[in-house]
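Trainee: Prediction below, plus the sequence it came from.
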Amino acid sequence: MAELLDLFVFLIPIYVANSSPVVLGGGAPLDLGATLQDGKRLLGEGKTIRGFVGGTLAGAVAGGLAAMLYRLPFFVDARMQFVAAFVLAFGTLAGDALGSFIKRRFGVGSGRPFFLDTIMFLVVAMALVYPLALPNLYDPLNLAFFAGLTLILHPMTNMLANKAGLKNVPW
Ligand code: CTP
Ligand code: MG
């Protein structure tokens, strides 16, 4: 397993990208209101263009700043780490949207809890950054740490966002 600090710094663009849409989001939905054959929305009202773009940019900026301050051993050089921050942030929002797509197909309404909520964004971010990362990133212990921490932090931060009045529901 890599150094703990490396693992935490790696997660910065992902966690910032995943948590910022609740404040940055709003306005037109990403699916522009489109409904599929099953009568359900493509993605639903919970996924907005502003949330997607804002979350991607916020995550990329946070991870980009981190790349300038701290070199991670998961990338060949600082430049690659910088580019990866953007890919990780974008992957996070893409995974979040894919999760909503799947939720809608299962008939789960926007804002309702679903098991994929906690982990889909991480899976897609890790998959998209694969071509940019060194193989050591995918050490099973690293992946277990990322998944474990995310499964713990996701419900905690959602509860806090609910208490802070940012979210209507505590999940
Ligand atoms: N959000 C957004 N745009 C995004 C993602 C999130 O505007 N691309 C905002 C929305 O206000 C959303 C809130 O962040 O309600 C919480 O995000 P999330 O829990 O992912 O969405 P849900 O409302 O639960 O919708 P879904 O069931 O589709 O996940
Ligand atoms: Mg939700």
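Mentor: Alright, I've got the coordinates. Ligands and ions are numbered 1, 2, ... in the order given.

Trainee: got the residues of this protein near ligand 1?
Mentor: Applying C-beta under 6 Å from any ligand atom, we find that the chain lies next to ligand 1 at 21-22, 25-26, 44, 46-48, 51-52, 93, 96, 100, 103, 110-112. Placement of C-beta: from N, CA and C, glycine included.

Trainee: let's see 8 Å
Mentor: Residues of the chain lying close to ligand 1 (C-beta under 8 Å from any ligand atom) are 21-22, 24-27, 30, 43-52, 54-55, 93, 96-97, 99-100, 103-104, 108-114, 117, 158, 167-169, 171.

Trainee: Buried residues, the biggest helix by length in the chain. List them.
Mentor: Taking DSSP state H as the criterion, the chain has its longest helix at helix 78-105. By 16 or more other C-beta atoms under 10 Å, the buried positions in helix 78-105 come out as 80-101, 103-104.

Trainee: What of stretch 52-69?
Mentor: So for stretch 52-69, counting by 16+ other C-beta under 10 Å, buried means 52-64, 66-67.

Trainee: from those residues, which is closest to Leu143?
Mentor: When the buried residues of stretch 52-69 are ranked by distance to Leu143 (C-beta to C-beta), Gly63 comes first, at 18.5 Å.

Trainee: Now name the helix or strand holding the closest one.
Mentor: helix 49-69 (DSSP states H and E).

Trainee: how distant is that helix from the center of its chain?
Mentor: 11 Å (C-alpha atoms, centre = their mean, to the nearest Å).

Trainee: what residue lies at the spatial centre of this structure?
Mentor: Thr92 (3.0 Å; C-alpha atoms, centre = their mean).
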